[in-house]
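[1] sequence first, then the predicted structure:
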Amino acid sequence: LQGSPLTTGLILSTVMKLPPLTLLFMTSPSLNPTLLVTLAILSTALGGWMGLNQTQTRKILAFSSISHLGWMAIIIAYNPKLTLLNFYLYSLMTATVFMTLNSMKILKLSTLMTSWTKAPSLSAILLLTLLSLAGLPPM
C-alpha cells in the first residue's frame, strides 16, 4: 500500500478481502477451528505490533488491514454470518478513512496533525474513524 495512490489502497484494503473471506466462509464448516484461530491470532498480533511504530498513514492502514483480516478469521470460526457484518463495518470505516485522507491530501501523521486548522470537522471525523479502526471503545 505504501507506494500506491489512496484510491488504489482503498481497493486493496477492502475489495481484495472478498476472495479470501469467500473461501473461508464457504469452507468454514470443514476447517480445523484450532488451526484457524491460531493463524488468525498470529495475523492480528503481527498487524497490531507492526503498525505501532509507523508514521506513514498508508503503512498504518496496511497493518490495520492485516490485523482486521485476522479478527474476521477468528469470528468466522465461531459465527460465519457475523463475519459479513464485521466486513461491512470494516469496509465502511476504511472507505471513510481513505476518502478523507485523499480529500485532505494527507500522507503522514505529522501532516494530519497540522491539517486541523484547514478543516477541523473533517479532521475530527478522521481521528474518530482511525480510533474506531484501532478498536478503542466506545467506537
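    That came in fine, so what should we check first? Numbering: from 1, shown residues only.
[2] now the lowest-mean-pLDDT helix or strand in the chain, how far from the centre of its chain.
    Taking mean pLDDT, DSSP states H and E as the measure, the helix or strand of the chain with the lowest value is helix 109-114, at a mean of 79. For helix 109-114, the gap between its own C-alpha mean and the chain's C-alpha mean amounts to 20 Å (CA atoms, centre = their mean, to the nearest Å).
[3] pull out the buried positions in it.
    Neighbour-count burial for helix 109-114 flags residue 112 (criterion: 16 or more other CB atoms under 10 Å). C-beta coordinates here come from the backbone N, C-alpha and C atoms, glycine included.
[4] keeping just the C-alphas, turn it into PDB.
    C-alpha atoms of helix 109-114 as PDB (Å, rounded to 0.1, in the frame of the first residue of the first chain):
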ATOM      1  CA  LEU A 109       0.700  11.600  10.600                       C
ATOM      2  CA  SER A 110       2.600  14.900  11.000                       C
ATOM      3  CA  THR A 111       0.600  16.300   8.100                       C
ATOM      4  CA  LEU A 112      -2.600  15.100   9.800                       C
ATOM      5  CA  MET A 113      -1.800  17.000  13.000                       C
ATOM      6  CA  THR A 114      -1.300  20.300  11.100                       C
END
